[in-house]
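Chemist: I would like the atomic coordinates for the input below:
(one chain, ligands or ions: 1)
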Amino acid sequence: MVSTLSHIREIERVGMGAVSPRDAPVIQSWLRCLNDYKLDPAVAQEAYIVPELKLREHREQAEELIRIGRSGLEALFNQVAGQNYVLLLSDARGVTVDFMGDPTFDNQLRKAGLYLGSEWSENRAGTCAVGACMVSGEPVIIHQDDHFDTSHIGLTCTAAPVFDTLGSLTAVLDISQLRSPTVKTSQQLALHLVASTARRIELANLITRTRNDWVLRLARSPEFLDVDPDAAIALDGSGRITGLTHGGFGALARSMNLAGLSTRDFLGQPISQVFDIDVDDLPRFMRGRSNGERLLQARNGLVLFASAVAPAVNLRSAVPAQPRLPRALRDLSNGDAAMERVQARAAKLAARDIPILIQGETGSGKEFLARAIHDGCGGSGAFVAVNCAAIPEHLIESELFGYAPGAFTGASQKGKRGLIEEASGGALFLDEIGDMPLALQGRLLRVLSENEVQPVGALKARAVRLRVLSASHRDLAELVREGRFRQDLYYRLNAATLSLPALRQRQDLGWLVDQLLARIEKENGASYRLDRAARAVLLAHDWPGNLRELSNALRVAAALSEGGVIGTDSLPDHLFAEPAAARPGDEDALRQALTDCGNNVSALARKLGVNRSTIHRRLKRLN
Ligand SMILES: Nc1ncnc2c1ncn2[C@@H]1O[C@H](COP(=O)(O)OP(=O)(O)OP(=O)(O)O)[C@@H](O)[C@H]1O
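Modeler: Now for the predicted structure:
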């Protein structure tokens, strides 16, 4: 193994532009570590394992992924049995949410970070296989002193990305060893195994998530068509591509000379544009036909074997009926597995008086879900929504708790009922609860524990009976750790958590577009039709502002449409050149975008399709 000092010197030389024989992905990652994350190769940092509570959240959010990935992981672990390999499945933030390794080496593995809860994002751990793979979206081997941080230069790690059906990176699969031969080529087989397992996980994910669509499996050789196809595509009833296995289809697209297109570019496209078939031909590719009949030709002439699976709708009657959800909760999604889980849990919780914390990015529908829970449990009493971030700090107390007559200068002589009392007998929805000032958190806790509220300046408390739903786009557990949120209140509000998926992760985006458009038609008393190109743009967009951004975009499109037809020219410009500021966390870009809008927060919020409070919040964070 190289000495620590010579490793540090080598990285410094590369940083100064020296030519290096190492692989390009390693050099690119070293340069990112030096220039973008400002990491110092001379400062070694041991592997970071996230705290228990945080790990629980990561695992809860990745529950479906872990379930789908498990059998792939087990099969891979069996393939490499006896070779001291460890398998890690990390989520899109680089946190290990599933792990398989030899328990005999537990202590060593934990110390090396090859363990449940270890975080391998590049900006934290320096060059590593998971981190480099997250950035490049490509399989990669990071072998021994390819690692940036000298703490990790004994390890060899090989990782492959797992994308969801819409082409967003959802996980990274990694296979690592504490000790290995010095030559990097010893890991080529590991690279092949990890990439094919990632491909199979993508396939299992597509099949699980697209029960209501056609699925077309594709393979270069007929023998593997049904057992291990190269790629698969999901198609809606009109033959449009609604999802695909990113890794496998990307490789096929390269063979079809379509390497310049990202797999996302195929979403929303009719199948007839890629292959010489139409939706009506799909039954011809179903099981029972001979392989010879199941041949498919790509538009460039490449011939593939195909097998089609019909939507499960027809089989529905044979499947045991799902418990019926209350109507308000039933209409929240259509064919998105993560949402279906949220709806099923929400229905069970709605029937009980349990405080629920709803987490999700801004605009992902937290208030909408809270209302649906309230309506779903019979909806008796009022639903009172309070946005803790929007009420000025000095008014929150009197708004929430109310005040006695003449309680303070300027107070009304009659006093005022607070929102908590207004909600008594119904539901109180505390949005952006993370922004509640610490002093008031204690008072809120008392209301929840004692079921009574004491208005400002009042001598006696009044009894209240309410269900509390709260929401935050911020990580409340992190705020607790930073001492900015009371732990006792956190546990009180968070008896159950519902995590809403971001719009870019949802499998029913096409259905949501139609739902929201139908709502706009009703409001405007008009009818609209999206043309194919416009639909494709909507399906391919990242939607950093989630459902709110989508709803705003459709309103703009409806207003600009000609004769009710929405084409690409009716869509808001930012969908075509999405400013990087739309992605949370990109601070310089946010500053720049604000300058471009003449420092007008409302204009920037309109441009990004998010609330003004969202922009204010991000600016507050920057300060
Ligand atoms: N399942 C859904 N179907 C249709 N429209 C929805 C759905 N969920 C949310 N919306 C719409 O999306 C928009 C944003 O929803 P909502 O206000 O509930 O998001 P939020 O997560 O509470 O936002 P914020 O974080 O800014 O408070 C609203 O216009 C809402 O009507």
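
Chemist: Number of residues surrounding L169?
Modeler: Number of residues near L169 (other C-beta atoms under 10 Å) recorded here: 16. All C-beta spots, glycine's among them, are computed from the backbone N, C-alpha and C.

Chemist: now swap in G598 and tell me
Modeler: That count, for G598 with other C-beta under 10 Å as the rule, works out to 8.

Chemist: how close does it get to T4?
Modeler: 52 Å (C-beta to C-beta, to the nearest Å).

Chemist: Only C-alpha atoms, please: export stretch 510-526 in PDB.
Modeler: Extracted C-alpha coordinates of stretch 510-526, given in PDB (Å, rounded to 0.1, in the frame of the first residue of the first chain):
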ATOM      1  CA  GLY A 510     -49.300  11.600 -16.300                       C
ATOM      2  CA  TRP A 511     -52.500  10.900 -14.200                       C
ATOM      3  CA  LEU A 512     -51.800  13.900 -12.000                       C
ATOM      4  CA  VAL A 513     -51.400  16.200 -15.000                       C
ATOM      5  CA  ASP A 514     -54.800  15.000 -16.200                       C
ATOM      6  CA  GLN A 515     -56.400  15.500 -12.800                       C
ATOM      7  CA  LEU A 516     -55.100  19.000 -12.300                       C
ATOM      8  CA  LEU A 517     -56.000  20.000 -15.900                       C
ATOM      9  CA  ALA A 518     -59.600  18.700 -15.200                       C
ATOM     10  CA  ARG A 519     -59.700  20.800 -12.100                       C
ATOM     11  CA  ILE A 520     -58.600  23.900 -14.100                       C
ATOM     12  CA  GLU A 521     -61.200  23.100 -16.800                       C
ATOM     13  CA  LYS A 522     -63.900  23.000 -14.100                       C
ATOM     14  CA  GLU A 523     -62.700  26.400 -12.700                       C
ATOM     15  CA  ASN A 524     -62.500  28.100 -16.100                       C
ATOM     16  CA  GLY A 525     -65.600  26.400 -17.600                       C
ATOM     17  CA  ALA A 526     -63.500  25.500 -20.600                       C
END
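
Chemist: Numbering from 50 from now on, please.
Modeler: Got it, the first residue is 50 from now on, which makes the last one we talked about stretch 559-575.

Chemist: in stretch 157-177, what counts as buried?
Modeler: Residues of stretch 157-177 classed as buried: 158-159, 161-171, 173-177 (neighbour count, 16 or more other C-beta atoms under 10 Å).

Chemist: for stretch 240-260, that is, sorry about that
Modeler: For stretch 240-260, burial by neighbour count (16+ other C-beta under 10 Å) applies to 240, 242-256, 258-260.

Chemist: where does the nearest residue to I256 once chain neighbours are set aside land in three-state SS?
Modeler: Nearest in space to I256, with sequence neighbours left out and distances taken as C-beta to C-beta, 6 or more residues apart in numbering, is V264 at 6.2 Å. Here V264 is recorded as strand under DSSP: H, G, I helix; E, B strand; the rest coil.

Chemist: Next, the contact list for V264, please.
Modeler: For V264, the contact set (C-beta atoms under 8 Å, 6 or more residues apart in numbering) comprises 255-256, 281-284, 357-358.

Chemist: can you check A220 too?
Modeler: A220 touches 111, 114, 118, 138-141, 146, 210-211, 250, counting by C-beta under 8 Å, 6+ apart.

Chemist: so is it in a helix, a strand, or just coil?
Modeler: strand.

Chemist: Quick check: beta-bridge partners of it?
Modeler: D140, V211 (DSSP bridges).

Chemist: Now do the strand or helix carrying E470, average pLDDT.
Modeler: E470 is part of helix 468-471, with elements assigned from DSSP states H and E. Across helix 468-471, the average pLDDT comes to 92.

Chemist: List the contacts of that helix.
Modeler: 431, 433, 435, 448-451, 477, 496, 502, 504, 511, 513, 515.

Chemist: Which positions in it come out as buried?
Modeler: Applying a neighbour-count criterion of 16+ other C-beta under 10 Å, one finds 468-471 buried in helix 468-471.

Chemist: re earlier: PyMOL command to pick out the buried ones of the contacts of V264?
Modeler: The buried residues among the contacts of V264 can be selected in PyMOL (16+ other C-beta under 10 Å) with this line:
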select buried, resi 255+256+281+282+283+284+357+358
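
Chemist: so can I have JSON lines of the contacts of A220 showing pLDDT and distance to I407?
Modeler: JSON lines is the format used below for these (pLDDT from 0 to 100; distance: C-beta to C-beta, whole Å):
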{"residue": "A111", "pLDDT": "86", "distance to I407": "18"}
{"residue": "L114", "pLDDT": "86", "distance to I407": "20"}
{"residue": "G118", "pLDDT": "88", "distance to I407": "26"}
{"residue": "L138", "pLDDT": "95", "distance to I407": "26"}
{"residue": "S139", "pLDDT": "96", "distance to I407": "25"}
{"residue": "D140", "pLDDT": "94", "distance to I407": "20"}
{"residue": "A141", "pLDDT": "91", "distance to I407": "20"}
{"residue": "V146", "pLDDT": "94", "distance to I407": "21"}
{"residue": "P210", "pLDDT": "96", "distance to I407": "29"}
{"residue": "V211", "pLDDT": "95", "distance to I407": "27"}
{"residue": "I250", "pLDDT": "93", "distance to I407": "28"}
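
Chemist: out of the residues you listed, who's near the ligand?
Modeler: Checking these against the ligand by C-beta under 6 Å from any ligand atom, not one of them is in range.

Chemist: Show me which of those residues are buried.
Modeler: 111, 114, 118, 138-141, 146, 210-211, 250.

Chemist: Tell me the one of those residues nearest A395?
Modeler: Nearest to A395, judged by C-beta to C-beta, of the buried ones among the contacts of A220 is A111 at 19.4 Å.

Chemist: list the contacts for the closest one?
Modeler: Contacts of A111 by C-beta under 8 Å, 6+ apart are 140, 146-147, 220.

Chemist: which one of those is nearest the ligand?
Modeler: Ranked by distance to the ligand (C-beta to the nearest ligand atom), the contacts of A111 are led by D140 at 20.9 Å.
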